[in-house]
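K.L.:
Below are the sequence and a predicted model for it; my questions follow.
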Amino acid sequence: MDLLRSLPIGTYLEEPITWLHRLDPRVKLVWLMTFLLTPLLASFVWRLILVVLLFLLTCSAVPLRVWRQQMGLLSALCFIVFAVTTLMPDGLAAQHQPRLPTQELTFATGAPALQALETTPAAPHLTPSVLEALKLHPYRYILFEIGPVKVTRRSLELGFRIGSLLFTLIYGTTLYLLTTAPEEITTTLELLLKPLRRWRVPVTELTLTLTLALRFIPLVLEEVQNLVRSVRTRAINWKKIGVKGASQIWLQLADRLLENLFLRAEQIASAMQVRGFTTPNQHNVQWSQLKVHLRDWVALFLVLVVWGVRFWMGIDT
């Protein structure tokens, strides 16, 4: 199994170059913040719109071979979180004593309760259409209950909120990393953090460290892949060595992995020192040059449209 191809999480997709790759990284960062901020206090419809929009962006900009597995795994994770949250208690299990008699409760169900509702003094204020709606669609707080398994309106709402928010948070960030080069991300963050230089914040060093961290992810995957292949070629009989022997082997592999990663990091540090990356006064990092095109202005206009629709839909109470 090639981890560099089957698990491209956090890595940059160099080929093919799509329209999403050509967008300015600053514009894509604005879109990413839109996907992360607009779900807060949003309704069911808006969260569903964001999930569908992310799916459409992925289908139009990322090849099927890249996003099929990771979206499948992420969808499975979100579904598990949704199912667990839905089946868990919703936190409203306290027993409340009603202030009104049973026959005067407006949300009571059943024909006797509706007949009692029609005879109450408030009945003239209820139109026939409202009474008919209560008869056809009685209110039910508990939607599903079999033994200890119970699904309520509150638990179902919480499950969808957490599942959709988790999907939007993880996959929105993953899509941004897939279609934006680490150098472009670094340039964007350096431009945004440039005012902090007045307070002597090492902005260049922070952005350079971020670039190295993003570039180091494929090296970690490569080392893990080499260790897995080395174990497979030795054809170890795991049943024969037992749990103790297997744990010792995995501990040795983890130790070897850390040694290889530290060796790679030392090699990168030596290469940077040879090229003069020692202090902020002795090197000047030249990142990629960013230019705003017509497609970027169109994307920014669409961001304003999205935020306008979000404010028009209001807060979910």
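P.N.:
Alright, I've got the coordinates. Residues are numbered from 1 along each chain as shown.
K.L.:
The nearest residue to residue 211 once chain neighbours are set aside sits in which helix or strand?
P.N.:
Across the structure, with CB to CB, 6 or more residues apart in numbering as the measure, the residue nearest residue 211 apart from its sequence neighbours is residue 186 (4.5 Å). For the C-beta atoms, the positions are set from N, CA and C on the backbone; glycine is no exception. Applying DSSP states H and E as the criterion places residue 186 in helix 182-193.
K.L.:
Of all the residues in the helix or strand following that helix, which ones are buried?
P.N.:
Sequence-wise, the next helix or strand downstream of helix 182-193 (DSSP H and E) is helix 203-233. Within helix 203-233, the residues that count as buried by 16 or more other CB atoms under 10 Å are 203, 204, 207, 208, 211, 214, 217, 221, 223, 224, 225, 227.
K.L.:
cool, stretch 152-160 as well?
P.N.:
Within stretch 152-160, the residues that qualify as buried by neighbour count (16+ other CB under 10 Å) are 152, 155, 156, 158, 159, 160.
K.L.:
Contact partners for the third one?
P.N.:
The reference is to residue 156. With contacts taken as CB atoms under 8 Å, 6 or more residues apart in numbering, residue 156 has the following neighbours: 86, 143.
K.L.:
hang on, it in a helix?
P.N.:
Yes. Under the criterion used here (DSSP: H, G, I helix; E, B strand; the rest coil), residue 156 sits inside a helix.
K.L.:
who touches residue 314 in this structure?
P.N.:
residue 43.
K.L.:
From residue 198, how far out is it?
P.N.:
Distance check for residue 314 against residue 198: by CB to CB, to the nearest Å, it reads 39 Å.
K.L.:
How many neighbouring residues does residue 269 have?
P.N.:
The local packing of residue 269 (other CB atoms under 10 Å) involves 12 other residues.
K.L.:
Secondary structure element holding it?
P.N.:
Following DSSP H and E, the helix or strand that holds residue 269 is helix 238-274.
K.L.:
again, but for residue 297
P.N.:
Per DSSP H and E, residue 297 falls inside helix 294-313.
K.L.:
Name the surrounding residues that touch the helix holding residue 186.
P.N.:
Among residues not part of helix 182-193, those counted as contacts by CB under 8 Å, 6+ apart are 12, 25-26, 29, 177, 201, 203-204, 206-208, 210-211, 214-215, 287-288, 290.
K.L.:
which parts of it are buried?
P.N.:
In helix 182-193, counting by 16+ other CB under 10 Å, buried: 182, 183, 184, 185, 186, 187, 188, 189, 190.
K.L.:
Not counting its neighbours along the chain, what's nearest residue 260?
P.N.:
Distances taken as CB to CB, 6+ apart put residue 223 closest to residue 260, at 4.9 Å, once the chain neighbours are dropped.
K.L.:
Take the buried residues of helix 203-233 and write them to JSON lines, including pLDDT.
P.N.:
Rendered in JSON lines, the data for the buried residues of helix 203-233 read as follows (pLDDT from 0 to 100):
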{"residue": "203", "pLDDT": "80"}
{"residue": "204", "pLDDT": "77"}
{"residue": "207", "pLDDT": "79"}
{"residue": "208", "pLDDT": "78"}
{"residue": "211", "pLDDT": "78"}
{"residue": "214", "pLDDT": "76"}
{"residue": "217", "pLDDT": "77"}
{"residue": "221", "pLDDT": "79"}
{"residue": "223", "pLDDT": "83"}
{"residue": "224", "pLDDT": "84"}
{"residue": "225", "pLDDT": "82"}
{"residue": "227", "pLDDT": "84"}
